[in-house]
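[1] Provide a 3D model corresponding to the input given below.
(one chain, ligands or ions: 1)
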Amino acid sequence: MRCDDTAAWAALRAHFDRDGRHFDLRSAFASDGRRFERLSFEAPHLFADLSKNWLDDSTLDLLLQLAREVGVEARRDAMFAGSPVNTTEGRAVLHTALRAPRDAGGPHSAEIHEVLDAMLAYAEQVRAAASGFDDVVNIGIGGSDLGAQMVVPALAAYAEPRLRMHFVANVDGHELVPLLARLDARRTLFVVASKTFTTQETLANALAAKAWFHAQGATDLARHFVATTTNVQAAAAFGIDTCFGFWDWVGGRYSLWSAIGLPIAIAIGAEHFSALLAGAHANDRHIAEVPLARNLPVLLGLVDVWYRNFHGLASRSVAPYHQGLARLPAYLQQLEMESNGKRVGLDGEPLPYATAPVVWGEPGTNGQHAYFQMLHQGSDVIPVEFIAVRQTSHERRVLPEAMRVLLADQQRKLLANCLAQAQALMLGKRADEALAERAPTASPTLDAQVIARHRSFPGNRPSTTLVLERLDPASLGALIACYEHRVFTSGAVWGINSFDQWGVELGKALCSALLPRLESGDASGLDGSTAGLLARLR
Ligand code: F6P
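    Residues are numbered from 1 along each chain as shown. Prediction:
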């Protein structure tokens, strides 16, 4: 049943009109001393405080009823069982199978573990000093880039320090050229990562890397270029012998658990890669087995629906308070916006309600000194997702004692900032409070009342705080899987296909048509703007 036809949707609408629209977080905490305990949830390796969200018991009950009425559980079970839930491509969606233990007997277990074993063995070879490799360059884009590019720095404390990992995605040579200038072809391994092995950007960069490799006088292409792909023939045609395969039931943005994770495995090794998979698997069990009312990804996905469709909030900001997670917002953009940025339902009919919000962000505290101004005082309410990590990653490193003491203080500063931002968003500051304060930088000539209005904060701005004990392979695997299942949940409620991406096709086709025109200058039949710009850009 479509979500807006359910009884729960109508009840949520009435609940929103009556209570939701004017929900006040400060009053909610004042009237319920146990709000934090009641609205905190746990999943393997994760703790989530949802108490600073515009929710009460009725909201949650109705959202859970909505999930049941639209059949989120049945869709989840169908996905895990390998049914073709990616209906427009007639494909199963089985990234969860990639992280199932060997003995769990899940779908495709034998072939998954065959590739995994080969890939981990190869990763260990590359990690060994005897491999002769110092630099590893992953050439891929989108799902063949963003996952590994996010995970490798996040787990730097677990990485082989001898190896330098690089990621090249953009077809703009500005990314590849300066990198190659620093590398020694005889000590560099290129991983060409592409599910289809047809992606324009990846093939262009791989060809350029190959040309550079030969120009350096290097010859052993088969040793220095490997591929991670479902299209082994195309990789072979490129001249690559060593291929780690995967399957059409692994979506690009869900593929870091497959051979596409090879750079991760090279960086952190087989044992830690297995821990990453295990953390994700633990969260697969969580979404599959825990009742909806305590099921963290389901609750997060339902809150997303509440904000998007009832409060009309069009964006969500992610603020990881761990520099290692600097690329997490970019990763989540693809995960959420490519999955749920859809305007038709499973039957192809246009939907009358909104779907994926814009997801964006930067690590804290950096974002505080840039766009947090808008989060606190801008005209739009943007829910913020804070990710706090209790222990630092540099615990694992050998550091001078004096520095260790200073870094412990830096960690307290980081966490205090994280807590303070969530608090400030919620509490705000009234104009009379601002008026009572000294504001040394305020103009002495402007009316104090006017300044106080500029210095007031509306507050009541919602946020979620996710807490990890430490950023390690297992907790990161858990975090990513939780996000995947959250996106699945909101997509299931919206009744869309979260697993295709037809929206990227039109631009690709038009690009192919424009490419020869950039050379020839032929602008015939083009719209005026494109013709004008083409002439300028030639
Ligand atoms: O253009 C979008 C997309 O198809 C993504 O879904 C995918 O992750 C990316 O391109 C890269 O595709 P491939 O792995 O086939 O090179």
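[2] Which strand residues bridge Val358?
    Ser315 (DSSP bridges).
[3] How about stretch 504-523 and the ligand, any contact?
    Yes: residues of stretch 504-523 contacting the ligand under CB under 6 Å from any ligand atom: Val504. In short, each C-beta sits where N, CA and C put it, glycine included.
[4] List the buried residues of that stretch.
    Within stretch 504-523, the residues that count as buried by 16 or more other CB atoms under 10 Å are 517, 523.
[5] got a list of contacts for that stretch?
    200, 338, 526, 530-531, 534-535, 537-538 (CB atoms under 8 Å, 6 or more residues apart in numbering).
[6] Distance from it to the middle of the chain?
    30 Å (CA atoms, centre = their mean, to the nearest Å).
[7] can I get the CA coordinates of that stretch in CSV?
    What follows is stretch 504-523, C-alpha atoms only, in CSV (Å, rounded to 0.1, in the frame of the first residue of the first chain):
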residue,chain,number,x,y,z
VAL,A,504,22.4,9.5,-14.1
GLU,A,505,21.7,8.2,-17.6
LEU,A,506,20.4,11.3,-19.5
GLY,A,507,23.5,13.4,-18.7
LYS,A,508,25.8,10.5,-19.7
ALA,A,509,24.0,10.2,-23.1
LEU,A,510,24.0,13.9,-23.7
CYS,A,511,27.7,14.0,-22.8
SER,A,512,28.5,11.4,-25.4
ALA,A,513,26.6,13.4,-28.0
LEU,A,514,28.4,16.7,-27.1
LEU,A,515,31.9,15.2,-26.9
PRO,A,516,32.5,15.2,-30.7
ARG,A,517,30.9,18.7,-31.0
LEU,A,518,33.5,20.1,-28.6
GLU,A,519,36.1,19.0,-31.1
SER,A,520,34.2,19.9,-34.3
GLY,A,521,32.4,23.0,-33.1
ASP,A,522,29.2,21.8,-34.7
ALA,A,523,26.4,23.5,-32.7
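[8] can you tell me the average pLDDT over it?
    Averaged over stretch 504-523, pLDDT sits at 97.
[9] Now which of the contacts of stretch 504-523 would you call buried?
    For the contacts of stretch 504-523, buried by 16+ other CB under 10 Å: 338, 526, 534.
[10] Go through stretch 422-435 and flag the buried ones.
    Neighbour-count burial for stretch 422-435, with 16+ other CB under 10 Å as criterion, is recorded at 422, 424-429, 431, 434.
[11] mean confidence score for that stretch?
    For stretch 422-435, mean pLDDT rounds to 98.
[12] Please apply the same query to stretch 52-64.
    When pLDDT is averaged along stretch 52-64, the result is 98.
[13] i'd like the first residue to be 442 from this point on
    Done: numbering now begins at 442, and the last item shifts to stretch 493-505.
[14] returning to that earlier point: cross-check the buried ones among the contacts of stretch 945-964 against the ligand and keep the overlap.
    Glu779.
[15] Looking at the buried ones among the contacts of stretch 945-964, which are in strands?
    Among the buried ones among the contacts of stretch 945-964, no member falls in strands (DSSP state E).
[16] Just put the buried ones among the contacts of stretch 945-964 in a markdown table and tack on pLDDT and distance to Ser635.
    As requested, the buried ones among the contacts of stretch 945-964 are exported to a markdown table (pLDDT from 0 to 100; distance: CB to CB, whole Å):
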| residue | pLDDT | distance to Ser635 |
| --- | --- | --- |
| Glu779 | 98 | 16 |
| Leu967 | 98 | 30 |
| Leu975 | 98 | 28 |
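[17] hmm, back to that, biggest separation within the buried residues of stretch 863-876, which pair?
    The two members of these with the most space between them (CB to CB) are Ala863 and Ala872, at 22.2 Å.
[18] hmm, back to that, the buried residues of stretch 863-876 in helices, which ones?
    863, 865-868, 872, 875 (DSSP state H).
[19] Using JSON lines, lay out those residues together with distance to Leu907.
    Shown next, in JSON lines, are those (distance: CB to CB, whole Å):
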{"residue": "Ala863", "distance to Leu907": "11"}
{"residue": "Ala865", "distance to Leu907": "18"}
{"residue": "Leu866", "distance to Leu907": "16"}
{"residue": "Met867", "distance to Leu907": "16"}
{"residue": "Leu868", "distance to Leu907": "21"}
{"residue": "Ala872", "distance to Leu907": "33"}
{"residue": "Ala875", "distance to Leu907": "31"}
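[20] Closest one of those to His835?
    For these, the closest approach to His835 (CB to CB) belongs to Ala863, at 24.5 Å.
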